[in-house]
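Trainee: One predicted model, sequence on top.
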Amino acid sequence: QVQLVESGGGLVQAGGSLSLSCAASGRTFSSYGLGWFRQAAGKEREIVAAIDWSGGTTYYTESVKGRFTISRDNAKNTVYLQVSSLKPEDTAIYYCAARLGPWSATFHRPITYTYWGQGTQVTVSS
């Protein structure tokens, strides 16, 4: 069982930055692949970034490449998402999620993640 709690969201002007964190409970945190997803109002939940158990492999959706950075600290049971050069279209609820298993072609699919946080709101004003 893994419990995830996100923090760090807020209201920021376009071009600004935020640091999102997701703290996890559980002894086997390092066994999980982790993802950050977001869901804007009226839209489906989408993958933003993902990272494998070791932190050695990462993925970013095209729209955030060069602006967002995912990282993890297994000693602190925490995954981070540094978001910068924010745009109004980045406005959404951001969720972290955890899944077991090796890195695979399904990492971008929300249904493959077992545990989810409650989400943190990111609002970017123009």
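Mentor: Received the coordinates, thanks.

Trainee: Direction included, what does the helix or strand containing L20 pair up with?
Mentor: L20 belongs to strand 18-24 when elements are defined using DSSP states H and E. Within its sheet, and counting by DSSP bridges, strand 18-24 is paired with strand 4-7 (antiparallel), strand 78-83 (antiparallel).

Trainee: which strands and helices sit next to the next helix or strand along the chain from it?
Mentor: Sequence order places strand 33-39 as the next helix or strand after strand 18-24, per DSSP H and E. Applying 3 or more C-beta pairs under 8 Å, 6 or more residues apart in numbering; DSSP states H and E, one finds that strand 33-39 makes contact with strand 18-24, strand 46-51, strand 68-73, strand 78-83, strand 92-99. (C-beta placed from N, C-alpha, C; glycine too.)

Trainee: one more time with 10 Å, if that's ok
Mentor: In terms of contact count using 3 or more C-beta pairs under 10 Å, 6 or more residues apart in numbering; DSSP states H and E, strand 33-39 is assigned the packing partners strand 18-24, strand 46-51, strand 68-73, strand 78-83, strand 92-99, strand 115-116.
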